[in-house]
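Student: Fold the following for me, if possible:
(2 chains)
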Number of protein chains: 2
Amino acid sequence: MQSTMMKDPLSLNHLLERAGKLFGGNEIVSRLPDKTLRRHSYGEYYRRTRALASALQALGLKKGDRVATLCWNHHAHLECYFGIPAAGGVMHTLNLRLAPREIGWIAGDAQDRFLVIDDVLLPLYRQFADLHRFEKVIVFPFSGAPVPAEFANYEALLEAADPEAFQYAPHDEDDPVAMCYTSGTTGRPKGVVYSHRSTVLHTLVASLADFWGLRGTDVVLPVTPMFHANSWGMPYGAVMMGVKLVFPGPHLHPDDLLDLIQQEPPTLSLGVPTIWMSLIQAFDAAQAADSPNHGRWKLPRGMRSLVGGAAVPEALIRAFDRHGIWILQGWGMTETSPVCTISYPRAELRGATADERYRRAATAGVPVPLVDLRVRGDGASDQPWDGKSVGEIQVRGPFITGSYYGIAAEAEKFTPDGWLRTGDVASVDPLGFVKISDRTKDLIKSGGEWISSVDLENAIMGHAAVAEAAVIAIPDEKWSERPLACVVLKPGRSAAAGEFDAHLLQHGFAKWQLPERYEFIDAVPRTSTGKFWKLKLRERFPK
Amino acid sequence: MQSTMMKDPLSLNHLLERAGKLFGGNEIVSRLPDKTLRRHSYGEYYRRTRALASALQALGLKKGDRVATLCWNHHAHLECYFGIPAAGGVMHTLNLRLAPREIGWIAGDAQDRFLVIDDVLLPLYRQFADLHRFEKVIVFPFSGAPVPAEFANYEALLEAADPEAFQYAPHDEDDPVAMCYTSGTTGRPKGVVYSHRSTVLHTLVASLADFWGLRGTDVVLPVTPMFHANSWGMPYGAVMMGVKLVFPGPHLHPDDLLDLIQQEPPTLSLGVPTIWMSLIQAFDAAQAADSPNHGRWKLPRGMRSLVGGAAVPEALIRAFDRHGIWILQGWGMTETSPVCTISYPRAELRGATADERYRRAATAGVPVPLVDLRVRGDGASDQPWDGKSVGEIQVRGPFITGSYYGIAAEAEKFTPDGWLRTGDVASVDPLGFVKISDRTKDLIKSGGEWISSVDLENAIMGHAAVAEAAVIAIPDEKWSERPLACVVLKPGRSAAAGEFDAHLLQHGFAKWQLPERYEFIDAVPRTSTGKFWKLKLRERFPK
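Tutor: Reported below is the predicted structural model:
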């Protein structure tokens, strides 16, 4: 017996058409380099996106051709998200925080044919232009300055195109729509290629009520860059449900974000922990009567905030909750579209204490539908979900990558039975909450026992004097490895190492787990995606 | 270039495994024939469902074999929803409200091999047993009475099975999981066969925050029968998100439903308008100081209520809103899984008056993602979404049927370009709200102009003295057809035809649209699915 259902393919084009028909009156707001706001309706967005697709076809774009973007978060980048696949192309988001030589290498590896770039990023382009030759460089006049004559002008291309006459490139649901390179903390960057199918499925799952809970009445502030794991997929969800978007553009300083939040109060925001840490610090500092920013900002009570990309300290969750803002922590990777787990309030925790709820909120959360997740220790069987047994997280599902672009086999990244090896180490509790203890390479092996650097960091960051803390392993003759804590104090605060030891013992750490010593540093070095860059600390403190 | 994503198929089995792992502690409550409640945890549900699947395989079930169900809404029926496909079978829900000879014909047409049946429905089974021979009849001892020896005992089968050793039947995502016959108001009933793919996609879409908004903390009361368009797909969504379910069993009298609502207050309920109409009438009647039910019930403020299957009168939406219960109207068919449109509060209506919001809530709503919807008049092009131009609704998408089981071609149900012809006539307004004016065959053609019987019915039902109203066409020499209104008055109320005319004129109807006459009747006859059965009225009032 066979199903009688239609075989219509999943398609981003359907979501774009839907937005054009249903959400014509809703708004997409972009902050420009001069900090003024530009507003488009979804109706204009729809026409501009089809005009872009039409222009790309007129430029000779063929099915499967890569079109790179080097852009901040704004409406034109969102146009690329749907317009490039509509024309049959593959959007390749270049990470503007990488070193120019890395960007050039990645563009060459992906064989990018065209580039869409913000005018304010042309100085960066000129630093890698000799490493890869794009057939056409299309400049989006983000700042409003005239576009140099050697480049194509994004707005001029759109104006010359005819969105009414545009025809979508025919496609299957497995055809590619976008690609993104892993940050490459281990080995060289590797390309992940998303399809219509994987993107639509990820969008549906992540948008569900318990996770993003995306509603048409939402106002979403995506601080997460659109060049980093597709801004976690939010651009696709926003267009599917027609939410109002507020794009921050290039200004991500906490004062600028707080100003934008005043102007266009969001109901949902997303970003890495670093951003929210500096935001709450700036906000708290402004409460002092003698602060020059006194009275400048209010936080939007009731806002949900999606935070991921690195572990979210419980102290940060508590700090925002005091202002009526609930942080939903998620976990995933470029390889996983990216949402694999989200920590949301569960029915089973209805009677739980506040401490209990914070504790769960500070985990990576529970696996979302369509993601199979298992934890593997040294053996060949799954670790039990007992909240204690640790192992590597392995995942599979229709929006998880099964290979890398142009790489025949990457055996170490996949298990023989086809699961993605994430390299993250975790335990899972009986309710399914995943607690990530470390990256496999960041665990500290002391006297035959593992110490979690993440646990130590989070606990130290719960100390009132501490702004940030990163823990690394240093070699030790007797114990093999011992933890070293690198601590950034809050402005004007001081503390002695002994205080931290007492604090950690109070929070349940055993004596042997305490850091060997504490180093006070000015700032924790970060990767291009805002994560702690422990490699740099290890270089600085080799022992 | 090719996508690097894994090719994992969509699967109901994934949702079942997920529920077993994550929601072990959440509850599934079933009301038994004696009105007591039985409680299962999702952990027990998971084991019982796998035991059922294992038992079916032991009975010799082969891939694609149909297993019929003839059951009320309860946990064992939910076990069939996942257990039958887990074993590789196709669940075929038989509609217990049909005439016995129709049930027998449908079981024969589907070639059902096994039957799972509630013991309390055995008298019904015996009326059609000679029309189709099931290889095995499995009786669920719903009432607790001993199962007659000639049948298999559902509980005994489960006890004998080994859920631990069970292996899912391998499948593709297009493989069938369930089938349901259309109610057959035109022509003979026709089978629609759902797949893993169509069911998972429908579940994801319908569960989104603006539609069902399904959260793990929800308590869901599905009054919509599980034998009617899969209870609108709610059983699948409930298991995906681990919501607490409260199944009403066979007791659907308003007093019984109100009692159940007291015992296990839901946050979300679903049913046809008839049910909610009688519920609010029973509730309102109980407010009288001399009512025997005075003080017996409270309505759960904040509950959302999904209502569909027939047009929802605006008066009903207003009546529930007075008690803090918001009705979300949906529209769909057995052929469409079924959710095609849902009326939810849109961002664009934020500043609108209450009247404006009620008016939209009383439409069928806007198309959900993955459903393409167009309105076709006589010509070959789409009607504009101007709120005025009417035509037939045609739909397509991955959870819409493209054919019927065992029928080579059904040309009149599909357009040459592959869209499903729904037979419903509607206009769509610029925000995408679909307003169904009628079934094609229920429109009244008067003097070359169409009159909507649904509009007239809804307006008449807004009159304080009216419980229900159905409008049909009667032949007219001069005008070709004229409307006749059949009116059911509320107990103890009276009204003259002139009052209704005045009421209709007040509500914007033109004089020529007023009913030719009013007939006062005791009750509107209904089909097995609770819809107005206008055929019966036409027979009673031929002119």
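Student: Alongside chain B, which residues does the stretch 51-200 of chain A contribute?
Tutor: By CB under 8 Å from any CB of the partner chain, the residues of the stretch 51-200 of chain A that approach chain B are A:64, A:66, A:90, A:174-176, A:191-195, A:197-198, A:200. For the C-beta atoms, the positions are set from N, CA and C on the backbone; glycine is no exception.
Student: Among those residues, name the buried ones.
Tutor: A:66, A:90, A:175, A:176, A:191, A:192, A:193, A:194, A:195, A:197, A:198, A:200 (16 or more other CB atoms under 10 Å in any protein chain shown).
Student: In a markdown table: those residues, plus distance to residue B:392.
Tutor: Putting those into a markdown table (distance: CB to CB, whole Å) gives the following:
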| residue | distance to residue B:392 |
| --- | --- |
| A:66 | 43 |
| A:90 | 39 |
| A:175 | 33 |
| A:176 | 37 |
| A:191 | 47 |
| A:192 | 44 |
| A:193 | 41 |
| A:194 | 37 |
| A:195 | 34 |
| A:197 | 31 |
| A:198 | 35 |
| A:200 | 28 |
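Student: mind listing the strands for the stretch 151-300 of chain A?
Tutor: Taking DSSP state E, counting those that start in this stretch as the criterion, the stretch 151-300 of chain A contains strands spanning A:152-153, A:176-181, A:191-195, A:219-222, A:244-247, A:268-271.
Student: Redo the ones you listed as a markdown table? Include mean pLDDT.
Tutor: Below are the strands of the stretch 151-300 of chain A laid out as a markdown table (pLDDT from 0 to 100):
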| stretch | mean pLDDT |
| --- | --- |
| strand A:152-153 | 98 |
| strand A:176-181 | 97 |
| strand A:191-195 | 97 |
| strand A:219-222 | 98 |
| strand A:244-247 | 98 |
| strand A:268-271 | 96 |
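Student: quick revisit: and of the buried ones among the residues of the stretch 51-200 of chain A next to chain B, the nearest to residue B:486?
Tutor: Residue B:486 lies nearest to residue A:200 out of these, by CB to CB, at 46.3 Å.
Student: show me the contacts for the closest one.
Tutor: A:10, A:11, A:12, A:15, A:173, A:236, B:370 (CB atoms under 8 Å, 6 or more residues apart in numbering or on different chains).
Student: change it to 10 Å
Tutor: The neighbours of residue A:200, taking CB atoms under 10 Å, 6 or more residues apart in numbering or on different chains as the test, are A:9-12, A:14-15, A:173, A:177, A:236, A:240, A:398-399, B:201, B:204, B:369-370, B:398.
Student: Same question for residue A:36.
Tutor: Counting by CB under 10 Å, 6+ apart, residue A:36 makes contact with A:30, A:144, A:249.
Student: Show the average pLDDT along stretch A:130-140.
Tutor: For stretch A:130-140, mean pLDDT is 97.
Student: Quote the end-to-end distance of it.
Tutor: 21 Å (CA to CA, to the nearest Å).
Student: buried sites along it?
Tutor: A:132, A:134, A:136, A:137, A:138, A:139, A:140.
Student: now those residues in JSON lines, with secondary structure?
Tutor: Output for the buried residues of stretch A:130-140, formatted as JSON lines (DSSP: H, G, I helix; E, B strand; the rest coil):
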{"residue": "A:132", "secondary structure": "coil"}
{"residue": "A:134", "secondary structure": "coil"}
{"residue": "A:136", "secondary structure": "strand"}
{"residue": "A:137", "secondary structure": "strand"}
{"residue": "A:138", "secondary structure": "strand"}
{"residue": "A:139", "secondary structure": "strand"}
{"residue": "A:140", "secondary structure": "strand"}
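Student: which of those residues sit farthest apart?
Tutor: Top of the distance list for the buried residues of stretch A:130-140 (CB to CB): A:132 and A:140, 19.2 Å.
Student: Identify the residues contacting the residue in the stretch 151-300 of chain A that chain B sits nearest to.
Tutor: In the stretch 151-300 of chain A, the residue that lies nearest chain B is residue A:195 (3.5 Å; CB to the nearest CB). By CB under 10 Å, 6+ apart, the residues touching residue A:195 are A:9-10, A:12, A:85, A:90, A:171-178, A:201, A:398-399, B:2-5, B:7.
Student: and what of residue A:181?
Tutor: So residue A:181 contacts A:92-95, A:98, A:102-103, A:105-107, A:109-110, A:188-192, A:227, A:334, A:404-405 (CB under 10 Å, 6+ apart).
Student: Could you do residue A:119 as well?
Tutor: Per CB under 10 Å, 6+ apart, neighbours of residue A:119: A:33, A:125, A:139-148, A:151, A:153-154.
Student: Okay, helices next: where are they in the stretch 151-300 of chain A?
Tutor: A:154-160, A:196-207, A:234-241, A:254-263, A:273-285 (DSSP state H, counting those that start in this stretch).
Student: Dump the last one to PDB, restricted to CA.
Tutor: Output of helix A:273-285 as PDB, limited to C-alpha atoms (Å, rounded to 0.1, in the frame of the first residue of the first chain):
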ATOM      1  CA  PRO A 273      26.800  34.900  26.400                       C
ATOM      2  CA  THR A 274      29.600  37.500  26.000                       C
ATOM      3  CA  ILE A 275      27.200  40.000  24.600                       C
ATOM      4  CA  TRP A 276      24.600  39.500  27.300                       C
ATOM      5  CA  MET A 277      27.300  39.600  30.000                       C
ATOM      6  CA  SER A 278      28.600  43.000  28.800                       C
ATOM      7  CA  LEU A 279      25.000  44.200  28.300                       C
ATOM      8  CA  ILE A 280      24.000  43.500  31.900                       C
ATOM      9  CA  GLN A 281      27.200  45.000  33.200                       C
ATOM     10  CA  ALA A 282      26.600  48.200  31.200                       C
ATOM     11  CA  PHE A 283      23.000  48.300  32.400                       C
ATOM     12  CA  ASP A 284      23.900  47.700  36.000                       C
ATOM     13  CA  ALA A 285      26.700  50.300  36.000                       C
END
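Student: Quick check: what element follows that helix along the chain?
Tutor: strand A:304-307 (DSSP states H and E).
Student: residues making contact with that following strand?
Tutor: By CB under 10 Å, 6+ apart, the residues outside strand A:304-307 that reach it are A:206, A:211-213, A:218, A:220-224, A:232, A:234, A:266-277, A:279, A:312, A:316-317, A:320, A:325-330, A:339, A:342-344.
Student: In the longest helix along chain A, which residues are buried?
Tutor: Under DSSP state H, the helix in chain A containing the largest number of residues is helix A:42-58. Neighbour counts over helix A:42-58 (16+ other CB under 10 Å) mark A:42, A:45-57 as buried.
Student: ok, those vs residue A:23, which is closest?
Tutor: So of these, ranked by how close each gets to residue A:23 (CB to CB), first place is residue A:42, at 4.1 Å.
Student: The closest one: what's its closest spatial neighbour, skipping adjacent residues?
Tutor: residue A:23 (4.1 Å; CB to CB, 6 or more residues apart in numbering or on different chains).
Student: Could you measure from the one you found over to residue B:210?
Tutor: Between residue A:23 and residue B:210 the computed distance is 12 Å (CB to CB, to the nearest Å).
Student: Could you do residue A:542 as well?
Tutor: For residue A:542, the distance to residue B:210 - CB to CB - is 54 Å.
Student: if you count what's nearby, which of the two comes out ahead?
Tutor: residue B:210 (25 against 8; other CB atoms under 10 Å in any protein chain shown).
Student: Many thanks, have a good one.
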